[in-house]
Each structure stands twice: as C-alpha cells, then as structure tokens.
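Participant: With the input below, show me the fold.
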Amino acid sequence: MAVALVAIIVGAVATISLTDPGASAAVASATPTRPATPPPLSATQQMLVDSGDTTTCAVSFDAADLDVPPMLQHEGQLYAGLPIPSREGAVFAGWYASPAGAQSLSIADRVNGSELVDCDERERTLYGAWTTPEANAAEDAQVPILMYHQFTSKPEGESGWLRLNFAYIGDFEQQMAYIADQGFYLPTWDELSAFIDGRLFLPNHSVIVTDDDADATWYQLAVPVVDAHHVLTTSFMITVDRRELHPSPYVIVRSHTEDMHRAGANGQGRMVNESADVIAADLEASAAYIGAKEVIAYPFGHYNDTAKAGVAAAGFELARTIDYGYVHIGTDKLALPVIRMNYGMSVGDLARQIG
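Facilitator: Reported below is the predicted structural model:
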C-alpha cells in the first residue's frame, strides 16, 4: 500500500513538472549557455595586441605587384622607416593617403616621414604608386637643401664677422610659412638617397630645410616657428657641445660630428687634417648619442677624399657640404650641395631659389 502511494505521488509530481510552463522555464534557465566564439584577430590587430603599447598604429601598404608587410608606427610621432620598394623597369613614386592620390601622384596626398602618424582606430592603409624611368628623368627634379645657422630677433641684424650667419627671425617665419603654404614636398634623407640612385621619384616642388650647429638661438627663436608651420627640419648638432635631441616633433637631429668642429694644424677643419680612422671614430661617437647615422654636415664645409672615406667607414651614406647647388639624380652622396640662407634674404629671395 505504501509503495503504491509513493508511486502515485511521484507520478503526480512528474505530471505537474511536464504541464507547468513555469517549471519548464526554470529547468531551461538552469541550463548553461555556451559563449559565442569571438572572431579571430586580423594580422594587424594581432600586431597591436602583441605590441602592448596603446600608442602604436598598424600601417598596411597597398601597392600593385607588391607584398609589403604591415608595420607598427607611433601616433603623434613622425613616420619612421617607411619602405621604399624596388621593381625592375619602374621607379617608386611614394606612398599616398588614398588610391586617387596615388594615381595622380598628388603632393598634398603623399605621406612620408615629414608628418606625424595619424590613424583611425589605430590602423591605416597607405597606397603606393609607380612611375617610369623616362617620366622620372623628364621631371628632372633639382632638390634644394637650405642651410641656416644662427638667428636674431633684431631686424637690423647682428654685428661682427658672423653677421651673415644670423637670419632675422621675421624673415625665417615668412620663409617657413611660404614652404608650408605652397605645399612643398619635404623629402626625408632616405628618400633623397633613393632619389639620387634613380629608385624614387621626387617632384620638382621639393625642399629640405637644415640648420647647422644647433645654436641656442636655433632653439629659442627658430624651433617654435618650425613647430608652428609643421616643416620638417634637420638640426646638425655638434654633440660634444649640446645634448638636446627633441626640441620639436618636426625637428630631427643628425651629426655635425662629435668634436671635429675645430681648426686643425693648418687652419682648416679637423675633417681635412685627421685620418679616415680618426674621423670614423668621431662620427661613431656622435651617432651613438644621436641614435642615427644616415647623414652628416661637414664642419665649416671642409672635406676631401680622406674625410669622405671616414664618413663612409663610419656607416654614413650622405654628407652635406656648403657648396652651392641642387641635388639631382646621380649627385655625389658624400658631397651634397646647399642653398645658403644669409641675413637679409627675404621670402622673395627664397622663392627665387626654390621655386
């Protein structure tokens, strides 16, 4: 009798469970739900995760007949080490912000190490362009390298034998505004080297701005102007005398030697009085502090074959003189000419020199 009663009770409970919607919901809610599997990360997303740095940006490259891997850049810093690919029978014409810019070789759309990295959601694609060797030769680009020294806030200039070295800061401001407003292309040194080799197209509307000595007036007066107009400038620093590497995001520091900016035994600079080994050792010391080789400026503009051998032995590819002229395809990389900017030169004078 007891067994039958238990069976009746169990059956009743089972009937209630099967017919009660609330009870069914309770059972269903107690069943665990397996979370959805997230989609796999793309190659660039994985790069960003692996970097562990929230300032990084993954830059991808899109160019015909090329497979260029993406690379990490840092937002708010100048683009660094953008690839300059080579292809048989063609000349690379740069990276661009859009396919349309790449097709038209638009200077305004061209992206290089003269501008700060700016990405959308930490990713960006740059588009490559090519031209022909014939079109590159027809462009016949003549690239001016401007050379400044010291600066003055006196419109009447400074006195003394170095008077011409001191550019009036009002003139400098107008000159940098002209370069920015006229949309000049600002090549990097690796681009200039590839251009000299005939591997990279540069437009005739190009200019490189440099300052020698990293004088106090450069930091106090000129750097704020460079910063305001976003003009890439190279400061050639005598590293035994100064230790200020990052005055502006738009200023890169390169070597004016460690301690060769002094006269040698014959009154000429040390660069033409020392052996190639001594010169190379000095430049190695300078590069170790700066953290880059790439290009030097000869102190006083003095150089000879021994000086060039020392520069090459230290691993520098380019050297800038004070000889007047323009850089073109085939220029001697260890004897780059310049346009010297003296006191009294106006923005009109600059325009006549660079176009």
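
Participant: So residue 227 versus residue 214, what's the distance?
Facilitator: Relative to residue 214, residue 227 is positioned 15 Å away (criterion: C-beta to C-beta, to the nearest Å). Using the backbone N, CA and C atoms, a C-beta is placed for each residue, glycine as well.

Participant: cool, residue 255 as well?
Facilitator: In terms of C-beta to C-beta, residue 255 sits 11 Å off from residue 214.

Participant: low-scoring stretches of this structure, by residue?
Facilitator: 1-32 (pLDDT under 70).

Participant: ok, 90 please
Facilitator: Within the chain, the stretches with pLDDT under 90 are 1-48, 50-53, 63-67, 242-247, 262-268, 355.

Participant: how about the helices in it?
Facilitator: 2-19, 21-29, 43-51, 99-104, 133-139, 169-181, 189-197, 216-217, 223-229, 276-290, 305-313, 347-354 (DSSP state H).

Participant: residue contacts, residue 90?
Facilitator: 130, 131, 132, 133 (C-beta atoms under 8 Å, 6 or more residues apart in numbering).

Participant: For PyMOL, what selects the buried ones among these?
Facilitator: Of those, the buried ones go into a single PyMOL selection, burial set by 16 or more other C-beta atoms under 10 Å:
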select buried, resi 130+131
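
Participant: Spell out which two among the contacts of residue 90 are the most distant pair, please.
Facilitator: Greatest spatial distance among the contacts of residue 90 (C-beta to C-beta): 130 and 133, at 10.5 Å.

Participant: any residues in contact with both of those two?
Facilitator: Common neighbours of residue 130 and residue 133 (C-beta under 8 Å, 6+ apart) are 90, 91.

Participant: how far away is residue 335 from residue 307?
Facilitator: 10 Å.

Participant: Neighbour count for the two, which is higher?
Facilitator: Neighbour count, other C-beta atoms under 10 Å: between residue 335 and residue 307, residue 307 has more, with 25 against 16.

Participant: I'd like to know how many residues surround the nearest residue to the more buried one once chain neighbours are set aside.
Facilitator: Of all residues not flanking residue 307 in the chain, residue 271 sits nearest, at 4.4 Å (C-beta to C-beta, 6 or more residues apart in numbering). Around residue 271 there are 29 other residues, counting by other C-beta under 10 Å.

Participant: give me every residue that touches residue 271.
Facilitator: Applying C-beta under 8 Å, 6+ apart, the residues contacting residue 271 are 257, 260, 279, 298, 299, 300, 302, 303, 304, 307, 310.

Participant: ok, now residue 290?
Facilitator: 237, 239, 245, 253, 254, 255.

Participant: Farthest-apart pair in the residues you listed, please.
Facilitator: So, the contacts of residue 290 by C-beta to C-beta: farthest apart are 245 and 255, at 11.8 Å.

Participant: The two: which is more packed in?
Facilitator: residue 255 (28 against 16).

Participant: Buried by neighbour count, from the contacts of residue 271: which ones?
Facilitator: 257, 260, 279, 298, 299, 300, 302, 303, 307, 310.

Participant: so which of those comes closest to residue 203?
Facilitator: residue 298 (27.8 Å).

Participant: which residues touch that closest one?
Facilitator: Counted by C-beta under 8 Å, 6+ apart, residue 298 has contacts 269, 271, 307, 319, 320, 321, 322.

Participant: mind putting the residues you listed in a markdown table, distance to residue 48 included?
Facilitator: Putting the contacts of residue 298 into a markdown table (distance: C-beta to C-beta, whole Å) gives the following:
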| residue | distance to residue 48 |
| --- | --- |
| 269 | 48 |
| 271 | 45 |
| 307 | 45 |
| 319 | 38 |
| 320 | 38 |
| 321 | 43 |
| 322 | 45 |
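
Participant: So what pairs up with the closest residue to residue 56 other than its chain neighbours in the strands?
Facilitator: Distances taken as C-beta to C-beta, 6+ apart place residue 72 nearest to residue 56, at 4.8 Å, with adjacent residues excluded. For residue 72, the beta-bridge partners under DSSP bridges are residue 58.

Participant: Does residue 72 touch residue 57 like I think?
Facilitator: Yes. Contact criterion C-beta atoms under 8 Å: residue 72 and residue 57 qualify, at 7.0 Å.
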